[in-house]
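Colleague: could you look at this predicted model? Sequence included:
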Amino acid sequence: FQRKVQRLENSGLKVKPKKKKVTRAQKELEEERKATRLTEEEIAEKKAQHLAKKEQTDKAREEALGGHPEDVDLHVSAGGGIVQENIYSVSLFTSLTDLRARKNNIEYLPEDLGDLEKLVHLDFSANDVRWIPASCTRMVSLQILDARHNEMYELPSTFGRLTSLHHLRLDHNKLYTLPESMANMTELRRITLDHNNFQLLPQWLDKLKGVQIFNFNHNAVKRFPGTFASFAESLTELRFAYNKFGNVSTMFTRMSNLKILDMSGNPVRFCRVFVCHVVCSGVPVLHVLFLAQLRLMRQRAQVIHLHESLGGCTSLVELYANFCSLDTMDIHLAKCRQLEKFEYDGNSMLTYPPREVSLKGPSSVLRYFRQILDCPRTKMMILDGFDLAEVDRIILRYPELTWLDMSNNNIGEVPADLRQLQVVEHVNFSSNKLGSIPKILSLMHSINDLSLDRNGIEVIEPSVMLLTNLTRLSLAENEIARIHPALFKLTTLNFLNLNDNRIQKLPGMIDSLDGLVSLGLGSNVLEEIPNNIRYLTNLKQLVLFGNKISKLPEAMKYLQNLEILTVSQNNLKTFPDILAVALTNLQELWLTHNKLESLPPEMMSLKSLRQLWLQDNKLQALPLELGHLTGLKVLTLTGNKLKEIPRYIKELKIVQHADREDGEEYWQDKEQDGFSMGEDMDSEMLSQAETMPWTRTAEDDEDARILSITQRKTKRKKPKDVSERETNGADDARDAAKATDRVVPKLSFA
C-alpha cells in the first residue's frame, strides 16, 4: 500500500488519505501525551544514561570472566519469559556448546548466532520464532536442534550445511516443505515433523540412509514418495498418524528393523490388504503397533477385522486397535505370545470373540484365543470361566479334540452339532445352567470322563446308560434325589461322585458297579448303607460324610482294599470292631463330628493307618492298643472329653505333614470336598493334565496323586446331623488347631 501511495505521489497525483474517526476518549489521550512529551534535551540525557549503564555492565562482565570471554565454555539456559524479544550478545561466547532458551517470547534469532561454531545443542522451542537466519548454518558442530512450538513457515535453503546434525525436532510449526540441501545431512538419526502443514514428502529422503526415527503425525500427507522404501530400510520407529493415507499396502517391503509403527487415524480403504502388508511384508521385529481410530472405509458387505497375518508379529508387545469399527478379531492374534498390552475399546460392533469374553478385557481375549489356537497341538479345548452363554461353534473346527472343558460358564444348552467330536474323551460342563444331563452327550460314545457338577440337575436321564465307555462320572452339587437304575448299567465305571445331592437311599443294585475304585456319597441324606456294598471289592476310597448314618454295616469288612474311609458328620456312636480287624489296608480314617464314646481295642490291627481324625466326638478315654499304631502321622482329638494325654500317645512319632502348611483347615476341606483316585489313576490322564496350559503351583504338584473330584465350595454346607452346640464346638476346635498348627506335632487336644 505504501509503494502504491509513493507511485501516485511521484506521478503528481495527490492522495487524500481517508480521515479516521477519532473518538472523544482518543482525543483526550492524545492531548495527554502531548503534554507529557519529552524535549530533545531530555531524550539526549536519557540516551547518555543508558550508554553509561551499558558500558559499566560490559566492564563488570569482562572483569568477572578474566577479560577473555571467547575462551569460556558455558551452558546457557534461559526460560520462563526472561528473554522478551531477542537474543543479544550470545556470540560473545565463542566456545559455547549448549544453549537452551525454551518457553520465552523470542521472535527473531540474531544473525551473529552462527558465530557459535562449537555449539552442539541448540534449543529455542516454545517461542515465537518465524525463521532461522541463514547465518546459523555456519554452526558446523551442531548435533541437536530443537525448534518445536514456533511459528516457522520454512527453513533456509542452506540448512543442509548442518552436516553434523543428529536430532532434528520441528514439531508444531507451520512448515510445508523441506529444503533439498537436507539430502546432505547423512548423520541424521531422528526427524520429527508432527503438527505441520506437509502435503507431500520430498523425493530425496532416500539419501538419508541412517535415519532411525521418522515422525510426521497430524499433517495432510496422502502418499509416500516412490523412494520411501529405500529410506525406510534403517527405520526403527515410524509414526504417520492422522494424515490422509488411503492405501499404504506397498511400502512396508523392506522395514526389517521397524519396532514401533503408528498409523492411527488414517482413512484406510482396503483394510484386509492394508493390515496384511503391514505385518507380512517384512516387519518381523515389530514391538508396538498403533491402529487406533483408523477410519476404515467399508466396501459393501465387507467384514472389517484384524487380518490373521497379524499373528506373524511374534515379537509384538503392544497393540492398540481402539475405535476402528472392527467386526471381529482373528484368533491368530494369539500367536503373539509376547503381547502384554492390547487395547480395543470403542469397537462396539464386535461379533467375535463372544461378547462375554470381550467384556472381560484384553487378557481374557488373549487367553481365549490361545486356548483355541493351541488346540491342534494339545488336542484340548479349555474355555472355563468366560461366562459364555452358549458353546462357541469354533469348537466344531477341531474334530480331533480329546479334552473339552466348558466349566464355569452360563451355558444352558449343549448344541446337537457337538456330536461331530467323535474322539473326545474328557468332557467337563461343571458350573453351568444345564438343568439336566444333555442327551446329545449320551450319543458321544467316546467319552470316558464326564463332569456335570453344579448344574441344578434333578434327574439322572435313562440315556446315560448309552455311555458304555464311561469310567469317570461326577454329578456333585446338584439336586438329585434318586439314583436311576440306568446308572448301574455303566459297569465300566471306576469313579463315581454324587456328593452334595439329596439322595435318600442307595439302591442295592450298587453291586453291579463292582469295578468302582472311588465312590462319593457325601453330604446327602442317607440313613443306611446296603449290605450289597460288599461286592465293591475294588473300592479304595469311600466318602460318606454329612449324612444321617447311625451304623456302619458289617458287610464293609469285605472292602479289604479300602484305603480312605470318610464317615464324618454322621450319627455314629461306635466304630465296628470287625471293620477294625478287616480293613488292614486303611490309611486314612475320618470319624469327626460324630457321637463316638469309645474306640474298640481292635484298632491296633490298622497297621497301615497314617491319619486318624477323631475331633468333635464324646471320647472320654483312648484304648491302650492305640499305642501300637506306630505308623500314625496325624491324630486329632480336639472337641472330646479327654482328661489327660495318655503316655503311649506321647511315644507315637506323630509329625506334621511334610508338604502341607495349611494346617487342620486343609484337612477339613479335603474331607468335605471329595475324594481321590489314588495311585491307580489312569497314567494317560495324568500326562494330559501335566500338559495343561495353565500354570501349575506347588499345591497342584502335591495334589497330582490325589485329584479332588469337586472344587472347594465357596459356601460350605452345615452338617445335617450336628447340633448347633457341636457346630460351635467344632469352630472353637478348628481355631485352636490353627493356633497350634505352627507348633511341630500334628496332635491337638481341646
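Modeller: The structure has been received and is ready for your questions.

Colleague: tell me the gap between the helix or strand harbouring residue 99 and the middle of its chain.
Modeller: Secondary structure assignment for residue 99, by DSSP states H and E: strand 98-100. The chain centroid and the centroid of strand 98-100 are separated by 44 Å, computed with C-alpha atoms, centre = their mean, to the nearest Å.

Colleague: tell me which strands it pairs with, and in which orientation.
Modeller: Applying DSSP bridges, strand 98-100 is found paired with strand 75-77 (parallel), strand 121-123 (parallel).

Colleague: worst mean pLDDT among those?
Modeller: When the strands paired with strand 98-100 are compared on average pLDDT, strand 75-77 comes out lowest at a mean of 45.

Colleague: about what we covered before: buried set for the strand holding residue 99?
Modeller: Buried residues in strand 98-100, counting neighbours by 16 or more other C-beta atoms under 10 Å, are found at 99-100. The C-beta positions use only the backbone N, C-alpha and C, and glycine is treated the same way.

Colleague: what does stretch 116-135 give?
Modeller: Of the residues in stretch 116-135, 116, 119-127, 129, 132, 135 count as buried by neighbour count, 16+ other C-beta under 10 Å.

Colleague: off-centre distance for that stretch?
Modeller: A distance of 46 Å separates the centroid of the chain from that of stretch 116-135, by C-alpha atoms, centre = their mean.

Colleague: give me the distance between the two termini of it.
Modeller: Distances were taken as C-alpha to C-alpha, to the nearest Å; on that basis the terminal residues of stretch 116-135 are 10 Å apart.

Colleague: in JSON lines: the buried residues of stretch 116-135, plus distance to residue 504 and secondary structure.
Modeller: Listed next are these as JSON lines, based on distance: C-beta to C-beta, whole Å; DSSP: H, G, I helix; E, B strand; the rest coil:
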{"residue": "116", "distance to residue 504": "98", "secondary structure": "coil"}
{"residue": "119", "distance to residue 504": "95", "secondary structure": "coil"}
{"residue": "120", "distance to residue 504": "91", "secondary structure": "coil"}
{"residue": "121", "distance to residue 504": "88", "secondary structure": "strand"}
{"residue": "122", "distance to residue 504": "91", "secondary structure": "strand"}
{"residue": "123", "distance to residue 504": "86", "secondary structure": "strand"}
{"residue": "124", "distance to residue 504": "90", "secondary structure": "coil"}
{"residue": "125", "distance to residue 504": "84", "secondary structure": "coil"}
{"residue": "126", "distance to residue 504": "83", "secondary structure": "coil"}
{"residue": "127", "distance to residue 504": "89", "secondary structure": "coil"}
{"residue": "129", "distance to residue 504": "92", "secondary structure": "coil"}
{"residue": "132", "distance to residue 504": "94", "secondary structure": "coil"}
{"residue": "135", "distance to residue 504": "103", "secondary structure": "helix"}
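
Colleague: okay, stretch 180-196 in PDB with CA atoms only?
Modeller: These are the backbone C-alpha positions of stretch 180-196, laid out as PDB (Å, rounded to 0.1, in the frame of the first residue of the first chain):
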ATOM      1  CA  GLU A 180      16.600 -30.000  -0.800                       C
ATOM      2  CA  SER A 181      20.000 -29.300   0.700                       C
ATOM      3  CA  MET A 182      19.000 -31.500   3.600                       C
ATOM      4  CA  ALA A 183      19.900 -34.500   1.400                       C
ATOM      5  CA  ASN A 184      23.500 -33.900   2.500                       C
ATOM      6  CA  MET A 185      22.700 -34.400   6.200                       C
ATOM      7  CA  THR A 186      23.700 -38.000   6.200                       C
ATOM      8  CA  GLU A 187      24.300 -38.100  10.000                       C
ATOM      9  CA  LEU A 188      20.600 -37.500  10.800                       C
ATOM     10  CA  ARG A 189      19.100 -40.200  13.100                       C
ATOM     11  CA  ARG A 190      15.900 -38.600  14.200                       C
ATOM     12  CA  ILE A 191      13.400 -36.300  12.400                       C
ATOM     13  CA  THR A 192      10.100 -35.300  13.900                       C
ATOM     14  CA  LEU A 193       7.700 -33.100  11.900                       C
ATOM     15  CA  ASP A 194       4.400 -33.600  13.800                       C
ATOM     16  CA  HIS A 195       1.700 -30.900  13.600                       C
ATOM     17  CA  ASN A 196       2.800 -29.100  10.500                       C
END
